[in-house]
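Next comes the sequence, and after it the predicted model I'd like to discuss.
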Amino acid sequence: MTSVTTSRFRARAVDHLAVAIGTTKGLFFVSDSTVDGPLLAGNAVSAFAQLPSGRLLAATTDPRFGPNVRVSDDGGLTWDEPGARPVAFPAETETALASVWQLHVDRRPNATETVWAGVEPGGLFRSDDGAATFELVRGLFEHPDRPTWEPGACGLALHTVITHPERPERIVVAISCAGVYRSDDGGDTWVARNQGIEARLLSEPLPGAGQCVHKLAVDAVNPDVLWAQNHGGIYRSVDAGDHWESVGHAGEPDGVASDFGFPIVSHPEEPDTAYVLPLESDVYPCTAEGRCRVYRTANGGLSWDALSDGLPRTHAHLTVLRDAFSIGNNQPYPLVFGSESGHAFASVDDGESWRLVASYLPPVLWVRVLE
């Protein structure tokens, strides 16, 4: 393999950086070098979304009221009451909501008020009224595979939802530890899509389901191209998850430092371009070799470049969780990640250089570059 660095990866100036950061103790907004917060102080804020109307959604776990989805219509200054329960399993399921892991806004033109909520334990909810009410997606909850699903270290988390921009009935989700599931009929029926993904924690190395998938991302140009960071491996699919190929090449000269990690993000404009942040192992989930590096591929995973300018290079033992890495949708496409040690770093030149934009926050659960 040959390392690829093209002319499109070049430094760009940026006048404004706006980031939302969710932590175990509240929500923060970072603008350039200014940090505002905490909002929702004392709450673990596990997910975040912004509707086209400007309404903000935050998944919270309140010490008194438990898990919930909170709504703000004034840019986060005030939020609705914490006691409401827009996301809840129906009583007959005998299932209690543990946490909301993902809030995904459906960006298709005919679904401007549709929000998908991925939850623990292993459930998917849909709202068509801007998060005023949510309904359980029964087809996934009642899937025949469900009795075989086992919770990962953080629980049975449905943490990723991807909707297809051209095929409105196609939805892809990722569940730890169940794997990737796809619906081609709007959520009525679901099929496991894990062929080729190794399950290192199971006796059967390539099962149909049961993989510990940590995060999915979708290609900028071809929405049938998916990326996956798994418990042990970085994978790519060119057929919407029907087949997967390992692309991390861990330990090779042009590969990643480790194929264990949590986040993976794809560039919003450039095809075949993705970023990962390798961690040492599941036993020691801190930046590999005590060096903080972001790895970028620009050729579909054939090779990876290590990017570390401005990042701590020695004695750096950072943990970056599955949603704690984000890229903006508009030029210069800022990259931002945050760590459990409460630090956040940003790049505005496709990862070539980084700067510290926030520090000494509570442990970071997710980051989101704002539009």
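Looks like it arrived, so ask away. Residues are numbered from 1 along each chain as shown.

Tell me the predicted confidence for residue 203.
Looking at residue 203, its pLDDT is 68.

same thing with residue 166?
Residue-level pLDDT assigned to residue 166 equals 88.

Tell me who's in contact with the nearest residue to it once chain neighbours are set aside.
The shortest distance from residue 166 to any non-neighbouring residue, by Cβ to Cβ, 6 or more residues apart in numbering, is to residue 223 (6.5 Å). For glycine as for every other residue, the C-beta is placed from the backbone atoms N, C-alpha and C. Residue 223 sits next to 164, 165, 166, 240 when contact means Cβ atoms under 8 Å, 6 or more residues apart in numbering.

Confirm that residue 223 sits in a helix.
No. Residue 223 is assigned coil when assessed by DSSP: H, G, I helix; E, B strand; the rest coil, not a helix.

what's the most distant pair in the contacts of residue 223?
The span of these, defined through Cβ to Cβ, is set by 165 and 240 at 12.5 Å.

Looking at those two, which has the bigger crowd around it?
residue 240 (21 against 13; other Cβ atoms under 10 Å).

Could you check how far the more buried one is from residue 107?
From residue 240 across to residue 107, the span is 18 Å (Cβ to Cβ, to the nearest Å).

Then residue 285?
Taking Cβ to Cβ, one finds residue 285 at 32 Å from residue 107.

Of the two, which one has the most company?
More crowded of residue 285 and residue 107, by other Cβ under 10 Å: residue 285, with 18 against 12.

Neighbours of the closest residue to the more buried one other than its chain neighbours, how many?
Once flanking residues are discounted, residue 285 sits nearest to residue 279: 4.7 Å by Cβ to Cβ, 6+ apart. The number of residues packed near residue 279 is 22, by other Cβ under 10 Å.

give the contact list for residue 279.
Neighbours of residue 279 in contact, by Cβ under 8 Å, 6+ apart: 258, 260, 261, 262, 285, 286, 287, 288, 319, 320.

burial of the second one, as a residue count?
Each residue near residue 260 was counted by other Cβ under 10 Å, and the total is 25.

Show me what it bridges to in the sheet.
Per DSSP bridges, residues listed as beta-bridge partners of residue 260: residue 279.

And it, how far from residue 270?
Distance from residue 260 to residue 270, by Cβ to Cβ: 26 Å.

The third one too?
Using Cβ to Cβ, one gets 21 Å for the distance from residue 261 to residue 270.

Same question for the fourth one.
For residue 262, the distance to residue 270 under the criterion Cβ to Cβ works out to 23 Å.

likewise the fifth one?
Taking Cβ to Cβ as the measure, residue 285 falls 29 Å from residue 270.

Let me have the contacts of residue 279 in TSV, extended by secondary structure.
TSV is the format used below for the contacts of residue 279 (three-state DSSP):
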residue	secondary structure
258	coil
260	strand
261	coil
262	coil
285	coil
286	coil
287	strand
288	helix
319	coil
320	coil
